[in-house]
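**Q** give me a 3D structure for the following:
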Amino acid sequence: MPTFRYTHIDHCSVIITDVAKARHFYGDLLGLREIPAPKEFDFVAIWYDLGGTYLHLLQKPHPDMISPRHFCLHVSDVAAAREDLAAKGLKIDETVKIAAADRFFVRDPDGNRIELFQWLRPYDPEQDGRFSA
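**A** Numbers count the residues shown, from 1 in each chain. The predicted model follows:
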């Protein structure tokens, strides 16, 4: 048994190639609040405060491989988020419905996949869950 416990995910890091496009997408389109990255960094990193967890964008010369890998942003009103982002010209990718939630995906300028998600009721593992084979 560990002598410590895990409390939450602190941050997620995403590879970007174009700082201006990334700032426009994450700051202007998604509306995330940028905060200064640590002054000790000698590389380009853009940080966003998500209210106690953080999103770190790291500039690299090439984007990550396109894949189903993603991070998820919980929103207070997923229907409003879907409508707002579609009105801003973002492609909305609908996905498998989950009984306890509403969700959809968008992609940033580098193709990183982002899920926007709202629980409609508490998740009940006994009723809603299944273990993978």
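**Q** show me the contacts for A22.
**A** By CB atoms under 8 Å, 6 or more residues apart in numbering, the residues touching A22 are 16, 46, 57, 108-110. Backbone N, C-alpha and C define where each C-beta goes, glycine included.
**Q** could you list which of these belong to strands?
**A** Under the assignment DSSP state E, the contacts of A22 contribute 16, 46, 57 to strands.
**Q** name the nearest of the residues you listed relative to M65.
**A** Distance to M65, by CB to CB, is smallest for I16 among those, at 14.2 Å.
**Q** in the helix or strand where R82 lies, what counts as buried?
**A** Here R82 sits within helix 78-87, counting by DSSP states H and E. Within helix 78-87, the residues that count as buried by 16 or more other CB atoms under 10 Å are 78, 81-82, 85.
**Q** the following helix or strand past it packs against which elements?
**A** For helix 78-87, the succeeding helix or strand toward the C-terminus, using DSSP H and E, is strand 93-94. Applying 3 or more CB pairs under 8 Å, 6 or more residues apart in numbering; DSSP states H and E, we find strand 93-94 packed against strand 101-107.
**Q** which neighbouring elements make contact with whatever helix or strand comes next after the strand it packs on?
**A** Downstream of strand 101-107, the first helix or strand assigned by DSSP H and E is strand 113-119. Strand 113-119 sits against strand 70-74, helix 78-87, strand 101-107, with contacts defined as 3+ CB pairs under 8 Å, 6+ apart.
**Q** any chance of the ones you listed in JSON lines with mean pLDDT and distance to G52 as columns?
**A** Shown next, in JSON lines, are these (pLDDT from 0 to 100; distance: least, CB to CB, whole Å):
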{"stretch": "strand 70-74", "mean pLDDT": "96", "distance to G52": "12"}
{"stretch": "helix 78-87", "mean pLDDT": "97", "distance to G52": "19"}
{"stretch": "strand 101-107", "mean pLDDT": "97", "distance to G52": "21"}
